[in-house]
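**Student:** Using only what follows, build the 3D model:
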Amino acid sequence: MKSQLYRYPLMLLALVTLIAAAWAGLLRLGWPWPVLQPTLPLKHGPLMVAGFFGALIALERAVAVGKAWAYVSPLLSGIGGILVAFGMGGALGPLSMTLGSAGLVLIFASLLQKHRATYILIMMLGALALLVGNLLWLVGWPIYKIVVLWAGFLILTIVGERLELNRMVRQTGFSRGMFALSLVIFLAGLVTLLPAWAWGVRLTGLGMLGLGVWLLMFDIARRTVKQSGLTRFIAVCLLSGYVWLLVSGSIALFYGATPAGPIYDAMLHSIFLGFVFAMIFGHAPIIFPSVLGIDIEYRPSLYFPLILLHISLFVRIGGEMLGSSTARLWGGLFNVFAVMLYMLMIAPIGKRN
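**Tutor:** Residues are numbered from 1 along each chain as shown. I've put the predicted structure just below:
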C-alpha cells in the first residue's frame, strides 16, 4: 500500500481540475455564480480534456508502465490544470498540460515497445491527437477548431481499451473489416481537420457512427449485460455510452462544422458527457482499485447517477435544439450533479486492500 500513496496527490490534482472544469462549464451555460478568475468560463474545454482526462488517463497508464518517469505525465497535466483553473502562470499552465500530453505519448510508446498490439497503437494515436490539439491551443488556435482533436483523444483511448478487453471474443472477418474501415475513416477525419476543417468534422462524424455501431454490435458488453451485479452495471454504462457516440456522430455528419451554438454544444456534449462519462462510470470500479489500491463495493444505487446523467443530457440537448434556455440551464446543472454524485458515492465505499 505504501508504494501507492504517491498516486493519491496525482488523483487529487485530476479531481480538483474536474471540479474547476465543471464550474467553468456551468458559468458558460449562464449560471450567475462567483467567478474564480475572469477567463475561467473560457477554459472549460481545456480543463476538462487536457487537464482532467489527460491527467486521469496518464495516471492509469503510468501504473501499467510501472516506472517512476511515467508519473511525470499526470503530474504535469494536473499541475497545468490547476494553473489554468486559477489563472496563474500565464502560458505556463497550457505548456505544462502540453508537456504532460507529450509524456502520455511516450508512455504508450514504451508500452508498444514491450507489447506490439493494435489496441496500444490506437491509444497512442489518441495521445498524439491530444498532443497536437494542445500544441495548437498553446500557439493560439481557437478551441472550436481543435476540440474534435481532443474528442479524438478520448474516443481512440476508449476504443483501444475496448479492443483490449475484447481480445477474448472471437471476431469474424466482417467485424474486423468493419472496425478497420471505421477506424481509418475516423483517423482520416482527424488528419483532415487541419487543412479542411469542415470536411474533417464530417469524416470524423462518419467514423464515429461506424465505431459506435461496431461497439454496439460486437463489444463484449452485449454478453456481460446479461449477468448481474457490477458486471451488468459496467455493461449498461458502456452500451448507453455507445448510443451517445452514435448521436454525436450523426450530428457531426449531418450538420458539419459549427463554431458555436446549439449544434456545437449538442455534438460535443454527446461525446464528452454522454459517451465519455458513461465510460468513466463503468470503468471507475476497475480503475480505482488498480490505481489507488482500494476495493469498490457494488450497490444498485450506482444506477441512479447514471440514469440522471443520461436524462439530464437529453433535457439539455433538447433545450439547446428547441431554444429553451431553462431546459439548457437545468439540464447542464444536473449533468454536473450526476457526475459529482457518482464520485461521492464510490469514494466513501472504497476500502484499502
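**Student:** What's the mean pLDDT across stretch 25-42?
**Tutor:** For stretch 25-42, the mean per-residue pLDDT is 85.
**Student:** Can you give me the buried ones in it?
**Tutor:** Within stretch 25-42, the residues that count as buried by 16 or more other Cβ atoms under 10 Å are 25-29, 40-41. Glycine gets a C-beta too; all of them are placed from N, C-alpha and C.
**Student:** Tell me which two in those are the farthest apart.
**Tutor:** 29 and 40 (13.1 Å; Cβ to Cβ).
**Student:** quick one: which of the buried residues of stretch 25-42 sit in helices?
**Tutor:** The helices in this structure, assigned by DSSP state H, contain 25-29 from the buried residues of stretch 25-42.
**Student:** can you redo those residues as JSON lines with distance to residue 294?
**Tutor:** Converted to JSON lines, these look like this (distance: Cβ to Cβ, whole Å):
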{"residue": "25", "distance to residue 294": "28"}
{"residue": "26", "distance to residue 294": "29"}
{"residue": "27", "distance to residue 294": "33"}
{"residue": "28", "distance to residue 294": "33"}
{"residue": "29", "distance to residue 294": "33"}
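**Student:** between those residues, which is closest to residue 126?
**Tutor:** residue 25 (22.5 Å).
**Student:** surely that closest one meets residue 46?
**Tutor:** No. Assessed by Cβ atoms under 8 Å, residue 25 is found out of contact with residue 46, at 11.7 Å.
**Student:** what touches both of those two?
**Tutor:** With Cβ atoms under 8 Å, 6 or more residues apart in numbering applied, the contact sets of residue 25 and residue 46 do not overlap.
**Student:** out of the buried residues of stretch 25-42, who's nearest residue 283?
**Tutor:** residue 25 (21.7 Å).
**Student:** who's in contact with the closest one?
**Tutor:** By Cβ under 8 Å, 6+ apart, the neighbours of residue 25 are 44, 48, 332, 336.
**Student:** what's the farthest-apart pair in those?
**Tutor:** 48 and 332 (13.1 Å).
**Student:** for this structure, which spans come out with low pLDDT?
**Tutor:** 1-5, 168-169, 348-353 (pLDDT under 70).
**Student:** mind checking the longest helix of it?
**Tutor:** The chain, longest helix under DSSP H: helix 229-255.
**Student:** what packs against it?
**Tutor:** helix 143-165, helix 197-218, helix 221-224, helix 262-269, helix 278-292, helix 303-322 (3 or more Cβ pairs under 8 Å, 6 or more residues apart in numbering; DSSP states H and E).
**Student:** What separation is there between residue 274 and residue 249?
**Tutor:** 12 Å (Cβ to Cβ, to the nearest Å).
**Student:** Ranking the helices and strands packed on helix 229-255 by mean neighbour count, which comes first?
**Tutor:** Of the helices and strands packed on helix 229-255, the one with the most neighbours on average (mean count of other Cβ atoms under 10 Å) is helix 143-165, at a mean of 23.
**Student:** would residue 295 count as being in a strand?
**Tutor:** Yes. Counting by DSSP: H, G, I helix; E, B strand; the rest coil, residue 295 is part of a strand.
**Student:** That one contacts residue 289, doesn't it?
**Tutor:** Yes. Contact status for residue 295 versus residue 289: in contact at 5.9 Å, counting by Cβ under 8 Å.
**Student:** before we move on, the earlier item: flag every buried residue along the longest helix of the chain.
**Tutor:** Those buried within helix 229-255 under the rule 16+ other Cβ under 10 Å are 230-253, 255.
**Student:** cool, stretch 12-23 as well?
**Tutor:** Neighbour-count burial for stretch 12-23 [16+ other Cβ under 10 Å]: 13-23.
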